[in-house]
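J.: What follows is a predicted protein model with its sequence.
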Amino acid sequence: MIPVNWPFDPRRSPIFYGWIVWFFSTAGFLFSIPGQTMGMAVFTDTFIEVLDLSRTQVSMAYLLGTVASSLFLTRAGHWYDQLGGRVMIAGSAAALGVMVLVISGVDQLSVLLGGSTLVTFVLLLLAFFGVRFFGQGVLTSCSRNVLLLWFVKRRGLVSGIRSVFVSFGFAIAPLAIALLISCFGWRGALWFMGLTVGVVFAALALIFIRDNPASCGLQADGGDPADAHSLPLEAPSKTIDEARRSPIFWIYSLSLGMHALFGTALTFHVVAVFAESGLSAATAFGYFLPAAVFSTGSNLIASSFVDRLTLKPFLIVMLSALSFGAVGLINLEETWGYWVLAAGFGIGGGLWGVVSNLAFIRFFGPLHLGAVSGFNASISVFASAIGPAAFSLAVDHLGSYNAAAQICLCMLLALLVAALLVRQREVVHLTP
């Protein structure tokens, strides 16, 4: 293991070292962009042209790669519990960089191996598996978890501040990548991203990130380690097997997964969904701005007082907001439907950030956080992978995206009823 004082002692930091970890936690989310949908989507048309694959083949490679990556995230969570955030963030960043470089050379590798369509498809599938597993899966989960151990009393607020920067970064990422492509070409852009995350960020993460305050002789929230009365309380830690037997785990995981399924499906098919209601592509893309405003506002408001309240009300409001958003989508041809969709999905998305950050450490403690949150991540990543395909199947067999939205609404209402009925106990008063 790497000595905690290498290459410097965190106790000598002029500010509480948790804020240094906050910076690199936020950066970890942003450097995961090459493994996120918005990071790869910019290259879709290029992949179709260069690899001589159809849009369906590229989409299927992405779907299968994402589904496959979800199956290994629980194991990656166990690695986090064993190795810590410092090693896992640096390692996953390095691996993500390698996989981005692999994607940039899929066409050349295919030629070396015979150049058949099947070979190209399999190589692209494996490359997508790598960027999704190490980017959207491991790097994102580890960057989220490492911050939770440095702040307890202000955990919700600090996570909410991070979400604002991450949301802004994700929003401008497609434009930034498009600029890289215009400057360096598609292959050069991938090399730039791969080397930046795989070498620069991985090295900085290894130098600056620390797993937890106790290992550094510090205390969460910047308290005095010698003052036992100031130690914050945490929920009793439970193993992944105990979490799987808990109704609370499934209520939260399925609710977060439902947001991933519905939100990804809408984003993927947004132009076609709006066209079905007679609305233009410009209107479809314009939807994301008011939704982002609602999302950022609700996240900041909720984060400012979630540290003093239980999560149950936030989960209920999140599911209610997403349900209203589904109603708006079903009635998108009406003016009010557009705004109900933007407000519902925006508020629901903002509260999703709050709930996903805090749920598993509050209910299941910090000791096995990697495994528990990793299993939840596998559910959400799997749901995000099947969402677009599920909406396509609804169009093929039920005749419209509207039918898919109605099914999602029924699922959201069922989860809402369960969230209201299931009893939830959690640690809220974080000082003895």
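T.: Perfect, thanks for sending it.
J.: List the buried residues in stretch 294-301.
T.: Residues of stretch 294-301 classed as buried: 294, 295, 296, 298, 299, 300 (neighbour count, 16 or more other Cβ atoms under 10 Å). No exception for glycine: its C-beta is placed from N, CA and C like everyone else's.
J.: So which of those residues sit within helices?
T.: 294, 295, 296, 298, 299, 300 (DSSP state H).
J.: Let me see the contact set for the first one.
T.: Just to be clear, that refers to residue 294. Neighbour list for residue 294: 342, 343, 345, 346, 347, 349, 350 [criterion: Cβ atoms under 8 Å, 6 or more residues apart in numbering].
J.: and after the host helix or strand of the fifth one, which helix or strand comes next?
T.: Of the helices and strands defined by DSSP states H and E, residue 347 is found in helix 335-364. Using DSSP H and E, the helix or strand that follows helix 335-364 towards the C-terminus is helix 369-398.
J.: just checking, what packs against that next one?
T.: In terms of contacts (3 or more Cβ pairs under 8 Å, 6 or more residues apart in numbering; DSSP states H and E), helix 369-398 is packed against helix 55-70, helix 73-83, helix 140-148, helix 240-244, helix 247-268, helix 335-364, helix 401-421.
J.: Determine which stretch of those is the most buried.
T.: Ranked by mean neighbour count under mean count of other Cβ atoms under 10 Å, the helices and strands packed on helix 369-398 are led by helix 140-148, which reaches a mean of 26.
J.: related to what we said a few turns ago, I'd like to know which of the ones in helices among the buried residues of stretch 294-301 is nearest to residue 215.
T.: Set against residue 215, the nearest of these by Cβ to Cβ is residue 299 (30.2 Å).
J.: Leaving out chain neighbours, which residue sits closest to the closest one?
T.: Leaving out its chain neighbours, the residue that sits closest to residue 299 by Cβ to Cβ, 6 or more residues apart in numbering is residue 350, at 3.7 Å.
J.: Please list all residues in contact with the one you found.
T.: Contacts of residue 350 (Cβ under 8 Å, 6+ apart): 163, 294, 295, 296, 297, 298, 299, 300, 302.
J.: So of those residues, which two are at opposite extremes in space?
T.: Going by Cβ to Cβ, the pair spanning the contacts of residue 350 furthest: 163 and 294, at 13.5 Å.
J.: Identify the residues contacting residue 21.
T.: With Cβ under 8 Å, 6+ apart, residue 21 has these contacts: 146, 147, 150, 208, 209, 210.
J.: domain parsing for this structure?
T.: 14-229, 240-421 (automatic domain parsing).
J.: need these in a markdown table with distance to residue 3 and mean pLDDT, can you?
T.: Listed next are the domains of the chain as a markdown table, based on distance: least, Cβ to Cβ, whole Å; pLDDT from 0 to 100:
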| stretch | distance to residue 3 | mean pLDDT |
| --- | --- | --- |
| domain 14-229 | 10 | 92 |
| domain 240-421 | 22 | 92 |
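J.: closest to residue 1 out of these?
T.: Per Cβ to Cβ, nearest to residue 1 of the domains of the chain: domain 14-229, 7.7 Å.
J.: ranges for the helices of the stretch 1-150 of the chain?
T.: 18-31, 37-41, 44-51, 55-70, 73-83, 85-104, 106-112, 117-131, 140-148 (DSSP state H, counting those that start in this stretch).
J.: buried ones in the shortest one?
T.: Which is helix 37-41. Buried-residue list, helix 37-41, by 16+ other Cβ under 10 Å: 37, 39, 40.
J.: Kindly indicate which of those residues lies nearest residue 97.
T.: Among the buried residues of helix 37-41, and counting by Cβ to Cβ, the member closest to residue 97 is residue 39, at 12.8 Å.
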